[in-house]
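Participant: below: sequence and its predicted model.
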Amino acid sequence: MRFYIPAIILIVATLVYLSIRTARLFAIPMAVAIVIFIVLYAFAIGVLSSSLYMNGLKCYQHYMVMIGCSISGFLITLLFTMMVCDIIGLAVHMPGWCQGLATYFIALVITAYAYYVAKNPTIKNVPVTIGKVEQPLRIAQLTDLHIGHFRGCEWLDGVVEKVNAEHPDMVVITGDIFESHYNFSEQTVLPLQKLQMPVLFVEGNHDIYVNQLKTKSLLRDIGVRVLENEKIDILGVQVVGLNYMRADSKSRDAMHVAKGDVTIEKVLPTFGIDTARPSILLHHNPKGVEYVSANGIDLYLAGHTHGGQFFPVTLINHFIFDYNNGLYRFGNTQIYTSPGLGTTAIPLRFGTHPEITIIDITK
């Protein structure tokens, strides 16, 4: 309830602001502007709130989600574009209709650009030094793919092609491979079989929302090694893979993590990690770093944050996550949080880029 009340107030305030400014800029009746934005808001919010539960088997459901999420992205872009243009308008006078056209045109251009960026991941090279490794190790990290209405088999095939071109020794997928029930099939993830190296996977919160048991079954069927609170030895490295969990019993998590003793604090000591040998932890959310470091883990790979995905959340995220985007260090543990490959809610990225992370570990 504490979350919903401020959210409702914010939604109503932005709706009123956009309606008033649009009516004044284009000299249309206020009632008309308000009705237009109420319809747009209602459709976008309705689609967003139900998209996870649509089975996607009917064509109209798929297109409803795509249109609704795209409208949401445009409305967010329009809101901040209009605020900036209003501030500029205080110093630079121009006719209302001219400012209105400029505002909407800029918002459309930014939306199109952000959509293009979100669909085209780049390679990010991250050098990491671990003194314990006996030989160089190259790892490709994929995270937050969010396969669903906006990304499918063809897109994943392109990602796999880029990964193979980098010739990693191992691929790790740190959660949220699926976003919705649309494209939720073995056929969609078959391109992963083209990866020419071992592939490891740990679950994320969206995998839980969609169906983590079926997700893991699909991946196992195509040869992906699914890690569920376990440690394996591979390529001379200890790799620990954790299910999506809280840091400790006192921490709170809004992403539907099961409560109880299954926490990073409680689980990690059970693996008997050999601190004389190199070790890597895979967990979707970059939480519990203090416990990871206390157990002698050398490298912690995570995702979840999207780096904020879209401005201005890219700025706010730094206050939400201690390890939001990039390479960090806590004690003797290095943490890399990838902004991920996909998007959630709106199919846009502005201020962040989707990435395939290539981690080069040397002595």
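Facilitator: Ah, there it is.
Participant: C-alpha from now on. contacts and neighbour counts both.
Facilitator: Noted.
Participant: low-confidence stretches in the stretch 251-363 of the chain?
Facilitator: Along the stretch 251-363 of the chain, the parts satisfying pLDDT under 70 run over 253-260.
Participant: residue 118 sits in which helix or strand?
Facilitator: helix 96-119 (DSSP states H and E).
Participant: could I get that helix in CSV with only the CA atoms?
Facilitator: Extracted in CSV, the C-alpha atoms of helix 96-119 (Å, rounded to 0.1, in the frame of the first residue of the first chain):
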residue,chain,number,x,y,z
GLY,A,96,2.6,27.6,-28.5
TRP,A,97,2.0,25.4,-31.5
CYS,A,98,5.7,25.7,-32.5
GLN,A,99,6.8,24.6,-29.1
GLY,A,100,4.2,21.8,-29.1
LEU,A,101,5.3,20.4,-32.5
ALA,A,102,9.0,20.6,-31.4
THR,A,103,8.2,18.8,-28.1
TYR,A,104,6.3,16.0,-29.7
PHE,A,105,8.8,15.6,-32.6
ILE,A,106,11.8,15.4,-30.2
ALA,A,107,9.9,12.9,-28.1
LEU,A,108,9.2,10.7,-31.1
VAL,A,109,12.8,10.9,-32.2
ILE,A,110,14.1,9.9,-28.8
THR,A,111,11.6,7.0,-28.6
ALA,A,112,12.7,5.7,-32.0
TYR,A,113,16.4,6.0,-31.0
ALA,A,114,15.8,4.3,-27.7
TYR,A,115,14.0,1.5,-29.4
TYR,A,116,16.8,1.0,-31.8
VAL,A,117,19.4,1.0,-29.0
ALA,A,118,17.4,-1.6,-27.1
LYS,A,119,17.3,-4.0,-30.0
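Participant: can you pull the buried residues of that helix?
Facilitator: Within helix 96-119, the residues that count as buried by 16 or more other CA atoms under 10 Å are 96, 99-100, 103-104, 106-108, 110-111, 114-115, 117-119.
Participant: name the nearest of those relative to residue 186.
Facilitator: Of all those, residue 186 sits closest to residue 119, with 21.6 Å by CA to CA.
Participant: how close does the closest one sit to residue 178?
Facilitator: According to CA to CA, to the nearest Å, residue 119 and residue 178 sit 16 Å apart.
Participant: again, but for residue 86
Facilitator: Residue 86 sits 39 Å away from residue 178 when distances are taken as CA to CA.
Participant: between those two, who's got more neighbours?
Facilitator: residue 178 (32 against 16; other CA atoms under 10 Å).
Participant: okay, helices next: where are they in this structure?
Facilitator: 4-26, 30-50, 59-89, 96-119, 153-166, 186-189, 205-210, 212-221, 264-267, 289-294, 313-320 (DSSP state H).
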